[in-house]
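> sharing a sequence plus its predicted fold:
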Amino acid sequence: MLRLDGASVRFAGHTALDGVELDVAEREIVCVLGPSGGGKSTLLRTVAGLQPLDSGRVFLDGRDLGGVPAHRRGVGLMFQDHQLFPQRDVGGNVAFGLRMHGASRQEQERRVRELLDLVGLPGAERRAVASLSGGEQQRVALARALAPRPRLLMLDEPLGQLDRSLRERLVVELRGVFRTLGTTVLAVTHDQGEAFALADRVVVMREGRIAQSGTPLEVWQRPADEFVARFLGFDNVVETTVTGQSADTPWGKLPVPEDSPQGPGTLLVRPAGVRLVDAAEGLRCTVAARTFRGTHVAVRLQPEGAPGLEAACALREAPEPGGTVGVVFDAADVVVLGGASRT
Amino acid sequence: MALPVAFFAVFFAYPVAAIVARGLRIDGAWHLGRITEVLAEPGVGQVLWFTTWQALASTALTLLVALPGAYVFARLDFPGKRMLRAVVTVPFVLPTVVVGTAFLALVGRGGLLDDLWGVRLDGTVWAVLLAHVFFNYAVVVRTVGGLWAQLDPRQEEAARMLGASRLTAWRTVTLPALGPAVAAAALMVFLFTFTSFGVVQILGGPGFSTIEVEIYRQTSQIFDLSTAAVLTLVQFAAVGAILGVHAWTVRRGESTLRLVDAARTARTPRGAGQRALLGAVLATIAVLLVLPLAVLVARSFDAPGFGYYTALTRTDGGTFLVAPIEAVGNSLRYAVAATLIAVLIGSLAAAALARKGAGRLVRGFDALLMLPLGVSAVTVGFGFLITLDEPPLDLRASWILVPLAQALVGAPFVVRTMLPVLRAVDERLREAAAVLGASPWRVWREVDLPIVRRALLIAAGFAFAVSLGEFGATVFIARPDNPTLPVAVARLLGRPGDLNYGQAMALSTILMVVCAVALLVLERLRTEPTERGVV
């Protein structure tokens, strides 16, 4: 439905988008994930028509959007900090797009009521924008963006400014709303939790390029490269040379799954695959620190003459800091990066 | 708080009240009937009518010409923008006398237009209107443009994403947000043009007279104090009303806008429309703002070998007891003294007004502080003469009289500049400093002062420029042997002959250069990166 074809945008001094190829299917929820300043917002702004492309093209439903002004593109954009109009009340904000599209007064009222019900703020029409809490503003912004029935809805850090518990609740609600309405969504965020919870497909961006694209599970299980792995919070990443089902690393020889790419590469060990054993066995490590994570304990280990390791272990098995343990690796949680899921 | 109140009471309220009393009290009895009598005179009615409609016309014209400029300065990036912003501000702090002279050189007898096409506008209302636009262009650009630059451009983008065209987005989102600023700017322009003196005095000719000019005429030429007193009261009432409306719009406008860093919102012009607009604005500035000043400067060099300038150094014994050039030194000395007084009084008042929990009384004082801007400077000057001439306040012979009158006009600017900054200092910064062990004085020294210092310097610069250009009050109280630059210019213009005219141009040029230098220094300070911590 949406297609970006070699989209590039250059600002003085740096390239915000560098030949981006992206497809979003009808009713799909795609989430672009990446660190701040990675070109995510620019991507949305080019689709919206707020930022001209230096090269490449954007298609919506097969139509080239080049030269189509922002207000005629029929796409919606929810801004990072909502950008509600402070001079208008909640109803006035939600009705704005309807007015721009020449809807009748009754039609406006009906639709505003419908949308405020949908986002869980029934009867809030006459409230002042300034009186809304962060979560309520977010809901109004969503209602406003949905009101003119955009063909594609884009969200810029949709939950960025909200606190954690609210974010977790709203992301579920958002997904529910989009499923119900069958909305096609392109969202950008720097928060992997948000992306994984919201999206059918996650696209990881780095310095204006797409580093990886896949379902949340694929990306989580098989990060395409070291950047993606580290961005997802994995720290056990080292250079390696793979031969058969064995990989040569600073931590010694590690077992790898059968279909792993061969030769020199990068290797990731998920913390769950770092198993603690008696100090006499396996790789000898000092316990540097441990952090309680609720469901498990993250243990920071320091092997001699090799990069540090993070292990996840059950609460009662966690060793005391300062102690010495042995480490063995579980092949199921060892990933040689750059595998099948790269696109 | 006590000091500013006392200052304004003694040097503002008392002289003004005294002069009104002198006009309306005859043999110890009030003659309030004089008010209706005077107002019924056809001549006075004409003055009121002219004052009002020329102010309205000037305001409308200024908005029309300057709003595109406000947009260009707020939203577009172009080379030389900082320099140009200083250039358009120069007219505002120029003495009205210089503005009048500059337009005389452009549209007056033997002016540029007269030479080229035989067009003369002096003595017509057009000259007055154009001079008012020239004078107040910066008020609109600064007030409206300043806010415009801080409006989040994404508000318009949000509207466009919802289906609004560029124009509709501007009309439905930006214009309502700018509304209060436009209203505030319009009111300021109206206020300045309503009380216009120097410009009308020089350009208006006999047919056109504002209240302020009429007060001057009645006081100094006809000696009809009661008419002058009534006119003063009328102007006072009108200015009070304008200031009331102004305070109301400003307060309303401060409500709910989301503001962003101005440095982030400007873009290089894109597309033919924006480039054409930029070109048009630059052309307007060149013709309306730069040309009159350029002509003024050119005329001052019209005599062979800097003749007009060298003439300034000679005493001719007639108009002046001293060489006109000495006015430069006088002006600078007076302006420095006036600046010190204005900054002291103004910042004390601002500090008192900014304090949290300042009551209604203090808030009222906020509006009162603006009154000296609108009350007839002529009245103040004449009031000084009749009230400060006997013990315990016998200052008539003292040089301090002139700086005091000038500080009266400068102090409101100081308050205006300092107050927003002081109010914006985040209370939590002070709390943080206190928790870290700073005494109240140290808190002020370590937190407030660094944030306010820049505003203080800017305020001082403004007060300096305003003092330098003050004419209405100074013309009364400056002693003949110690004229200031504007007074000297006016006296030179008042005498016939090319030499006097040329000297007036030369002296105006000097005054302009002094003002412009002060202003450029200001602009440098203004555009230094903002300190963090001001929220």
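Received the coordinates, thanks.
> flag every residue of chain A that's near chain B.
Proximity of chain A to chain B is confined to A:48-50, A:69-72, A:75-77, A:79, A:81, A:83, A:85-87, A:96-97, A:100-101, A:128-130, A:144-145, A:147-148 under the rule Cβ under 8 Å from any Cβ of the partner chain. From N, CA and C alone the C-beta is placed, and that goes for glycine too.
> which among those end up buried?
Applying 16 or more other Cβ atoms under 10 Å in any protein chain shown to these, the neighbour count classes A:48-50, A:70-71, A:75-77, A:79, A:81, A:83, A:85-87, A:96-97, A:100-101, A:129, A:144-145, A:147-148 as buried.
> give me the three-state assignment for B:Val90.
helix (DSSP: H, G, I helix; E, B strand; the rest coil).
> where does the residue nearest to it when sequence neighbours are not counted land in three-state SS?
Using Cβ to Cβ, 6 or more residues apart in numbering or on different chains and skipping the chain neighbours, the partner closest in space to B:Val90 is B:Ala516 (5.1 Å). Recorded secondary structure, B:Ala516: helix (three-state DSSP).
> isn't B:Val336 right up against B:Ala463?
No - in this structure, B:Val336 is not within contact of B:Ala463 by Cβ atoms under 8 Å, at 10.2 Å.
> hmm, back to that, filter the buried ones among the residues of chain A next to chain B down to the ones in helices?
When these are checked against helices (DSSP state H), the matches are A:48, A:96-97, A:100, A:144-145.
> can you list the domains in the chain?
By default, I'm working from chain A. According to automatic domain parsing, chain A comprises the domains A:2-227, A:228-336.
> wrong one, chain B
Under the assignment automatic domain parsing, the domains of chain B span B:1-31+B:310-535, B:40-300.
> which among the ones you listed is found nearest to A:Pro319?
Taking Cβ to Cβ, domain B:1-31+B:310-535 is the member of the domains of chain B nearest to A:Pro319, at 40.1 Å.
> and chain B, which residues reach chain A?
When proximity is defined as Cβ under 8 Å from any Cβ, chain B approaches chain A at B:152, B:154-155, B:157-166, B:168-169, B:172-173, B:176-177, B:255-258.
> just the buried ones from those?
Applying 16+ other Cβ under 10 Å to the residues of chain B next to chain A, the neighbour count classes B:152, B:154-155, B:157-164, B:168-169, B:172-173, B:177, B:257-258 as buried.
> in helices, which of these fall?
Under the assignment DSSP H, those contribute B:154-155, B:157-161, B:168-169, B:177 to helices.
> in the stretch 201-343 of chain A, which residue sits closest to chain B?
Nearest to chain B, among the residues of the stretch 201-343 of chain A, is A:Gly208, at 20.2 Å (Cβ to the nearest Cβ).
> same thing with the stretch 151-300 of chain A?
For the stretch 151-300 of chain A, Cβ to the nearest Cβ, closest residue to chain B: A:Met154, 8.5 Å.
> bridging residues for that residue?
A:Leu77, A:Leu186 (DSSP bridges).
> that one and A:Val75 touch, don't they?
Yes - between A:Met154 and A:Val75 there is a contact under Cβ under 8 Å: 6.3 Å.
> need the residues touching each of those two.
Common contacts of A:Met154 and A:Val75 (Cβ atoms under 8 Å, 6 or more residues apart in numbering or on different chains): A:47-48.
> tell me the pLDDT at residue 32?
Just going to use chain A. Per-residue confidence (pLDDT) for A:Val32: 93.
> that answer is for a different chain, and I need it for chain B
The model's pLDDT for B:Leu32 equals 68.
> neighbour count winner among B:Val336 and B:Ala463?
A direct count of neighbours by other Cβ atoms under 10 Å in any protein chain shown for B:Val336 and B:Ala463 places B:Ala463 higher, at 28 against 15.
> who's in contact with that one?
Neighbours of B:Ala463 in contact, by Cβ under 8 Å, 6+ apart: B:338-339, B:342-343, B:346, B:407, B:410-411, B:413-414.
> would you format the residues you listed as a markdown table with neighbour count and pLDDT included?
Converted to a markdown table, the contacts of B:Ala463 look like this (neighbours: other Cβ atoms under 10 Å in any protein chain shown; pLDDT from 0 to 100):
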| residue | neighbour count | pLDDT |
| --- | --- | --- |
| B:Ala338 | 28 | 88 |
| B:Thr339 | 27 | 88 |
| B:Ala342 | 31 | 87 |
| B:Val343 | 22 | 86 |
| B:Gly346 | 30 | 84 |
| B:Ala407 | 30 | 83 |
| B:Gly410 | 32 | 81 |
| B:Ala411 | 32 | 83 |
| B:Phe413 | 25 | 78 |
| B:Val414 | 30 | 82 |
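> my guess is the residue of the stretch 201-343 of chain A closest to chain B meets A:Gly38, correct?
Yes - counting by Cβ under 8 Å, A:Gly208 touches A:Gly38, with 7.1 Å between them.
> show me the strands in the stretch 101-250 of chain A, by range?
Here the stretch 101-250 of chain A has its strands, by DSSP state E, counting those that start in this stretch, at A:152-156, A:184-189, A:201-206, A:209-214, A:237-243, A:246-249.
> include mean neighbour count and distance to B:Val297 when you put those strands into a markdown table, please.
Below are the strands of the stretch 101-250 of chain A laid out as a markdown table (neighbours: other Cβ atoms under 10 Å in any protein chain shown; distance: least, Cβ to Cβ, whole Å):
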| stretch | mean neighbour count | distance to B:Val297 |
| --- | --- | --- |
| strand A:152-156 | 24 | 53 |
| strand A:184-189 | 25 | 56 |
| strand A:201-206 | 23 | 58 |
| strand A:209-214 | 20 | 57 |
| strand A:237-243 | 17 | 70 |
| strand A:246-249 | 19 | 79 |
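> want to throw those strands into a markdown table with mean pLDDT?
Putting these into a markdown table (pLDDT from 0 to 100) gives the following:
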| stretch | mean pLDDT |
| --- | --- |
| strand A:152-156 | 91 |
| strand A:184-189 | 93 |
| strand A:201-206 | 92 |
| strand A:209-214 | 91 |
| strand A:237-243 | 89 |
| strand A:246-249 | 89 |
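> reformat those as JSON lines; add distance to A:Arg139.
Shown next, in JSON lines, are these (distance: least, Cβ to Cβ, whole Å):
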{"stretch": "strand A:152-156", "distance to A:Arg139": "13"}
{"stretch": "strand A:184-189", "distance to A:Arg139": "16"}
{"stretch": "strand A:201-206", "distance to A:Arg139": "24"}
{"stretch": "strand A:209-214", "distance to A:Arg139": "30"}
{"stretch": "strand A:237-243", "distance to A:Arg139": "39"}
{"stretch": "strand A:246-249", "distance to A:Arg139": "49"}
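> select, out of those, the one closest to B:Arg267.
The nearest among those, by Cβ to Cβ, is strand A:152-156 at 19.2 Å.
> what is the closest one packed up against?
Secondary-structure packing of strand A:152-156 (3 or more Cβ pairs under 8 Å, 6 or more residues apart in numbering or on different chains; DSSP states H and E): helix A:40-48, strand A:75-78, strand A:184-189.
> if you average pLDDT over stretch B:145-158, what comes out?
Computed over stretch B:145-158, the average pLDDT equals 82.
> put the alpha carbons of it into CSV.
What follows is stretch B:145-158, C-alpha atoms only, in CSV (Å, rounded to 0.1, in the frame of the first residue of the first chain):
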residue,chain,number,x,y,z
GLY,B,145,8.0,38.3,14.9
GLY,B,146,9.4,37.4,18.3
LEU,B,147,6.4,35.3,19.1
TRP,B,148,6.0,33.9,15.6
ALA,B,149,9.6,32.6,15.7
GLN,B,150,8.8,30.7,18.8
LEU,B,151,5.5,29.1,17.6
ASP,B,152,6.0,25.5,16.9
PRO,B,153,5.9,25.1,13.1
ARG,B,154,4.5,21.6,13.7
GLN,B,155,1.2,23.1,14.8
GLU,B,156,0.7,24.2,11.2
GLU,B,157,2.0,20.9,10.0
ALA,B,158,-0.5,19.1,12.2
